[in-house]
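A.B. asks: Predicted coordinates and the sequence they were generated for:
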Amino acid sequence: IDGVPLHRATAGWLNGEQLRVVLTEGRHRQVRKMCDMVGLEVLALKRVRIGPIRLGGLRTGQWSALPSHLQRRLWAAAVGQ
């Protein structure tokens, strides 16, 4: 995208209207640009996970403190352990 190689991503249809995309790196507007390149229109995006951390019921703009055991999991995932 924009002349820069990306890490591998996977995608698959959940149903006739929803596509599941898994990124190992996220660049600015990457999903929208990838979909545009193959003629798909993005109507909405929903992030469900960051690394090993599932976002669960967090709403837009909402946050919660990350318990220390999840901080360790996130750090381990970031450094590739």
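C.D. replies: Perfect, I can see it now.
A.B. asks: for residue 12, what are its contacts?
C.D. replies: 19, 20 (C-beta atoms under 8 Å, 6 or more residues apart in numbering). Backbone N, C-alpha and C define where each C-beta goes, glycine included.
A.B. asks: Tell me which helix or strand it sits in.
C.D. replies: strand 9-13 (DSSP states H and E).
A.B. asks: Dump that strand to CSV, restricted to CA.
C.D. replies: In CSV, the C-alpha atoms belonging to strand 9-13 read as follows (Å, rounded to 0.1, in the frame of the first residue of the first chain):
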residue,chain,number,x,y,z
ALA,A,9,-2.8,-10.5,6.4
THR,A,10,-5.6,-13.0,6.2
ALA,A,11,-9.2,-12.5,5.2
GLY,A,12,-12.3,-14.6,4.8
TRP,A,13,-16.0,-14.0,4.5
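A.B. asks: Using CSV, write out every CA atom in the lengthiest helix in the chain.
C.D. replies: Longest helix of the chain, by residue count under DSSP state H: helix 68-78. Provided in CSV are the C-alpha atoms of helix 68-78 (Å, rounded to 0.1, in the frame of the first residue of the first chain):
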residue,chain,number,x,y,z
SER,A,68,-1.0,-7.0,35.0
HIS,A,69,-1.4,-10.5,33.6
LEU,A,70,-2.8,-9.1,30.4
GLN,A,71,0.0,-6.4,30.3
ARG,A,72,2.5,-9.3,30.4
ARG,A,73,0.7,-11.2,27.6
LEU,A,74,0.6,-8.0,25.4
TRP,A,75,4.2,-7.3,26.0
ALA,A,76,5.2,-10.9,25.2
ALA,A,77,3.2,-10.8,22.0
ALA,A,78,4.9,-7.5,21.0
